[in-house]
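Novice: Attaching a predicted model along with its sequence, questions to come.
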Amino acid sequence: MRVIVVGGGVVGTMHAWQAVERGHEVVQIEREAEARGASLRNFGQIWVSGRAGGEELETALRARELWERIGAEVPGLGFRAIGSLTPVRNAREYAVAEAAAARPDAAARGYELVTAEEARQINPALRGAFEAALWCERDAAVEPRTAQLHLREALESSGRYTFLPGREVREVVGNGAVRDDHGDVHQGDAVVLATGAWLSGLVRELVPDLPVRRVRLQMMQTAPLGEKLTTSIADADSFRYYPAYESDALDALNGEQAQAPIAAAHKMQLLMVQRQDGGLTIGDTHEYEHPFAFDTLEDPYAYLTEVVEGFLGRPLPEIRRRWAGVYAQCTDTTRVVHRQQVADGVWLVTGPGGRGMTCSPAIAETTANELGW
């Protein structure tokens, strides 16, 4: 079988991985010289802990298994089974963490409510003030800025993979066939459009009423911390945004403890992961209303800096990078992904909604199974 994958981000690359792993030939087409969207502009978190139950959790857990397996084959991914800690600072936040740790699926997620001292034993860099923490053993991390490069190197070694950058696919011209802006036709037994947040052009022509929206966020990265951050870190505001934490205790938190004004205005939470070079990737904000601003705002960065310094008990290293990114999210946020046949032999896979890095291996595996690869 010959598979054409359109899109060089992590969802597209994982579809290429599944096809090559199953013995097929793959041509992957990317409109930029390299992928430049959400697949690079994220935390690199394999984030099981906050996922909704049912299909979403099952997908994340399966993806976590696949990431670990692929990471063993491709060491350059920098797969690390580091887990995560969410420090809590008062009784209301503690109650939400306690309710999460009592969920029927808590063991599958690796939840454990730990004391502040136990949290510091797990992650000695947490020298600031907090009362306890929710430990999530199943969370992990990879290096988002280089993951696609290393995956492609491994794919190329198969002899059945071709990467074509700098080509935009413009039209479907037959069963399993597309034409790019160079005029070249790429014929396959199946075409997967994994175009991420690029929902205009060909995607709009094929699906005018696509049930997917775009979301913008801001993030930053520091100079090396100078010590190891042994887990990823979230703050209690993350409880407000992830379905796994829904409970009466969360309702009480939302009703009795407002977010800080800056955090509320920008729909913020703290997520933080240390990169292999020692720097910290920190975010994030959420913006849903179009058109998105072209500039980044300083207030959210200042707020996140204050929160991080409160947990670390020390000043942040110099901030070296700031950026904004856009990802695609199903308008029905309970859906893991939008997967749709849009023409003969052509399928669109998009809208994982901030779960792309976490769930992409399992999303691609499901596509491959459904299409009979």
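Specialist: Thanks, I have it.
Novice: For the stretch 101-250 of the chain, which segments count as strands?
Specialist: 111-115, 132-136, 140-141, 161-165, 169-174, 177-180, 185-187, 190-193, 212-222, 232-234 (DSSP state E, counting those that start in this stretch).
Novice: Of these, which is nearest T281?
Specialist: Nearest to T281, of all the strands of the stretch 101-250 of the chain, is strand 212-222, at 5.1 Å by CB to CB. Where C-beta positions appear, they are placed from N, C-alpha and C, glycine not excepted.
Novice: Which elements pack onto that closest one?
Specialist: Under the contact definition 3 or more CB pairs under 8 Å, 6 or more residues apart in numbering; DSSP states H and E, strand 212-222 sits against strand 280-283, helix 298-312, strand 319-330.
Novice: Keeping just the C-alphas, turn it into CSV.
Specialist: Provided in CSV are the C-alpha atoms of strand 212-222 (Å, rounded to 0.1, in the frame of the first residue of the first chain):
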residue,chain,number,x,y,z
VAL,A,212,-13.4,22.5,14.4
ARG,A,213,-12.2,25.9,15.8
ARG,A,214,-8.8,27.4,16.3
VAL,A,215,-7.4,28.3,19.7
ARG,A,216,-4.4,30.7,20.3
LEU,A,217,-2.1,30.5,23.3
GLN,A,218,1.1,32.2,24.6
MET,A,219,4.2,30.5,26.1
MET,A,220,7.8,31.2,27.0
GLN,A,221,11.1,29.4,27.6
THR,A,222,13.9,30.2,30.1
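Novice: still on that earlier bit, out of the helices and strands packed on strand 212-222, indicate the one that is most buried.
Specialist: Ranked by average neighbour count under the criterion mean count of other CB atoms under 10 Å, those are headed by strand 280-283 at a mean of 24.
Novice: Name the residues that touch it?
Specialist: 43-44, 217-222, 225, 229, 270-275, 304-305, 308, 316-317 (CB atoms under 8 Å, 6 or more residues apart in numbering).
Novice: Going by neighbour count, list what's buried in the biggest helix by length in the chain.
Specialist: Assignment by DSSP state H gives helix 55-73 as the longest helix of the chain. Residues of helix 55-73 classed as buried: 56-57, 59-64, 66-68, 70-71 (neighbour count, 16 or more other CB atoms under 10 Å).
Novice: Go ahead and name everything in contact with that helix.
Specialist: The list of residues contacting helix 55-73 from outside it, by CB under 8 Å, 6+ apart, reads 17, 46-48, 51, 77-79, 81, 105, 108-109, 138, 140, 142, 151, 154, 243-244, 334, 336, 355, 358-363, 365-366.
Novice: Quick one, which of the residues you listed are buried?
Specialist: Buried residues within the contacts of helix 55-73, defined by neighbour count using 16+ other CB under 10 Å: 17, 46-48, 51, 77-79, 109, 138, 140, 142, 151, 154, 244, 336, 355, 358-363, 365-366.
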